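Enquirer: Give the three-dimensional model of this entry:
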Amino acid sequence: MSFALSSQDLEHSWCLFPDYSEDVQTFANLIETDDGNYIVSMYDYSNYYKSKDDATIIKLNSDGVIINEIDVDIDDNYILNDIVLDVWNDTVNVFMHCIGENRDCAKMLHSHLMPDFTMTEYREIWSADFEKPMTSNIISCTPPLIDTNGIRTISYTYSSYYTSGEYPRYGKVIFLKLDSNCNVIVEKWIDCEDLNYDHLSTVCYTFNDDSTQYNVMCSLNDNPWHCQYVLDESFNVIDTVLFERESEMNYWGFFTPGLYSQNPNNGVIYGICSLAHPEALNEISVVKLDKTDMKVKILQCTDTPNDIYNQIGLGNYLCYSQNGDIYGMGIYDFDYLSHDPINYECKLYIVKFDENLNKLNEWYYEIEEKYSHYFDHIYCTESDDIIVTGVVARDYKVFPSIVKFPASAFLSIEEAHAHNLHLAVAYPNPGGDVMNIRTSLRNCTLHVYDMQGRMVHQQEITDDVTSVDASKWSSGTYIWKLTVNNEQLTVEE
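Expert: A predicted model of the protein is given here:
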């Protein structure tokens, strides 16, 4: 598996890799503006994933050049927990969630980012005192849900602070509804026990089809795998929906809870997670919540070899293109079993699939071999380019990084995609006595031609990997094609 994937490395169009090595800085929430630029927040998360230092908001042009930046400075008695950005009526809104230095309170500040890249005065729009010390979910950087009238919904999960000595740990969820002027109009606290889910999880919420109710998604430890709570406009629980796992996946268990999002093209809720096999390492997988038979449909994105360990971290791991394709992201480590972080070889993994969980392609990516990659957010731009944000690490130092991949980097399968088929890959290239064809296609025939157009080999494709004996072929260049449903489909040359 890794051999085939390594032949599909992505080429980026630009990579922003500024040297902020004095602190543990990370790029987080990114938005695209109407003029084709990008605005992204960056801050230190070394203090238990929180920052007391100034954060920075940066504006980039489409070529990855920093064209403006501004610092964010909050009250010294608070720790910056999260910054999220959104755009409404051509105005960029900045929401700053802060935790009290003693973890006994929280507040949310709001500001407008002006066209000249100055910020209006910070305005406190919400605050709360805690009965016991608590901390919020680690940096999630999920923008507010915004309906057609500009009404926003924001949610945070709180749990007992890890030094409190409280056991079992406890947690609460806050739901806030804001009007179009970013004033709180509904505030609702829910105990995590009432939702019957792990209080350390991050609650993901999406709109129902009519945008009047909310879906709150939770991963459960055993079957049923997923729970969906339906909340009304005032965040009262009005229904509970349980999704069973597919029968053929009974021997798998969740290693990391699903990171849910709602497909804007069809309204279906998808998630990406790590699945654990009792006799193997973990695999990145995608789940689809199928309401037709109340099942969790699963796409095993990877078939993990013994020397790869899946590392999944924070943030969002799915994004959606306007043409219906879905992209998922994870991190794989090729030397995790050495147990020496300096030798870890973490790479970015991207998978492309359709709304029916048909895998269309997959790639590995690395900036340079000497860096480990910990990207934790993925975005699809208006032009279907893909942007990932996060950090890379080298010699125990962490550097923020943004990488943009052009849409053309993901078009190598469009011909196959038009036939609703998966990509086929030939390796090694250059080849030797054996050529391998890796594909999910079935009922197809491989044809190999020399440069004079003479067919030198023909073979049926019946397995995921088909080996071809090339030992008797003369040295030279060959073209291989697949015939599917009596249509000749050139996949690669």
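Enquirer: Strands along the stretch 201-350 of the chain, start to end?
Expert: 204-207, 214-219, 226-231, 237-245, 253-262, 269-276, 282-290, 295-300, 309-311, 318-320, 326-333, 346-353 (DSSP state E, counting those that start in this stretch).
Enquirer: Relative to residue 190, which of those is closest?
Expert: strand 237-245 (7.6 Å; Cβ to Cβ). Heads up, the C-betas are built off the backbone N, CA and C, glycines and all.
Enquirer: And for the residue nearest to residue 146 when sequence neighbours are not counted, the neighbour number?
Expert: Excluding the flanking residues, the one nearest residue 146 by Cβ to Cβ, 6 or more residues apart in numbering is residue 152, at 5.3 Å. For residue 152, the neighbour count with other Cβ atoms under 10 Å is 21.
Enquirer: which residues does residue 103 contact?
Expert: Residues near residue 103 by Cβ atoms under 8 Å, 6 or more residues apart in numbering: 130, 133, 134, 135, 161.
Enquirer: With residue 194 instead?
Expert: So residue 194 contacts residue 237 (Cβ under 8 Å, 6+ apart).
Enquirer: What separation do you get for it and residue 301?
Expert: 34 Å (Cβ to Cβ, to the nearest Å).
Enquirer: ok, so of the contacts of residue 103, who is nearest residue 179?
Expert: Ranked by distance to residue 179 (Cβ to Cβ), those are led by residue 130 at 25.9 Å.
Enquirer: which residues in this structure form helices?
Expert: 2-5, 192-195, 414-418 (DSSP state H).
Enquirer: Worst mean pLDDT among the ones you listed?
Expert: Ranked on mean pLDDT, the bottom entry among the helices of the chain is helix 2-5, at a mean of 29.
Enquirer: mind showing which ranges of the stretch 151-300 of the chain have poor pLDDT?
Expert: Applying pLDDT under 70 to the stretch 151-300 of the chain picks out residues 161-169, 197-205, 209-211, 219-224, 247-258, 277-282.
Enquirer: Tell me how far the residue lying closest to residue 390 once chain neighbours are set aside lies from residue 393.
Expert: Leaving aside its sequence neighbours, residue 390 sits nearest to residue 375 (Cβ to Cβ, 6+ apart; 3.5 Å). To residue 393, residue 375 is 11 Å away according to Cβ to Cβ.
Enquirer: Pick out whichever of the two has more residues nearby.
Expert: residue 375 (28 against 19).
Enquirer: need the contact list for that one.
Expert: So residue 375 contacts 329, 331, 348, 388, 389, 390, 391, 401, 403 (Cβ under 8 Å, 6+ apart).
Enquirer: next one: residue 318
Expert: 259, 261, 270, 271, 272, 286, 326, 327, 328, 329, 378.
Enquirer: residues in contact with the fourth one?
Expert: When contacts are counted by Cβ under 8 Å, 6+ apart, residue 271 is found next to 204, 217, 226, 258, 259, 260, 261, 286, 287, 289, 318.
Enquirer: quick one on the thing from earlier: can you list the contacts of residue 318 in a markdown table and add distance to residue 104?
Expert: Shown next, in a markdown table, are these (distance: Cβ to Cβ, whole Å):
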| residue | distance to residue 104 |
| --- | --- |
| 259 | 29 |
| 261 | 33 |
| 270 | 37 |
| 271 | 33 |
| 272 | 35 |
| 286 | 40 |
| 326 | 41 |
| 327 | 41 |
| 328 | 38 |
| 329 | 36 |
| 378 | 35 |
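Enquirer: How many residues are close by the closest residue to residue 469 other than its chain neighbours?
Expert: Excluding the flanking residues, the one nearest residue 469 by Cβ to Cβ, 6+ apart is residue 434, at 6.7 Å. Neighbourhood size, residue 434 [other Cβ under 10 Å]: 12.
Enquirer: Residue 88 and residue 146: what is the separation?
Expert: According to Cβ to Cβ, residue 88 stands 6 Å off from residue 146.
Enquirer: So those two - more neighbours on which side?
Expert: residue 146 (18 against 14).
Enquirer: measure that one to residue 91 for me?
Expert: Distance from residue 146 to residue 91, by Cβ to Cβ: 12 Å.
Enquirer: and if you look at residue 29?
Expert: Distance from residue 29 to residue 91, by Cβ to Cβ: 16 Å.
Enquirer: what's the answer for residue 132, then?
Expert: Per Cβ to Cβ, residue 132 is found 38 Å from residue 91.
Enquirer: Then residue 232?
Expert: 29 Å.
Enquirer: go on, residue 402?
Expert: 23 Å.
Enquirer: Between the two, which has more neighbouring residues?
Expert: Legend: neighbour count by other Cβ under 10 Å for residue 402 and residue 91, higher for residue 402 (25 against 11).
Enquirer: Disregarding flanking residues, what is the spatial nearest neighbour of the more buried one?
Expert: Per Cβ to Cβ, 6+ apart, closest to residue 402 is residue 16, 4.3 Å.
Enquirer: Same question for residue 14.
Expert: Residue 14 sits nearest to residue 64 (Cβ to Cβ, 6+ apart), 3.6 Å away.
Enquirer: Hmm, residue 27 and the one you found touching each other?
Expert: No - counting by Cβ atoms under 8 Å, residue 64 stays clear of residue 27, with 12.0 Å between them.
Enquirer: what touches both of those two?
Expert: With Cβ under 8 Å, 6+ apart as the test, residue 64 and residue 27 both reach residue 402.
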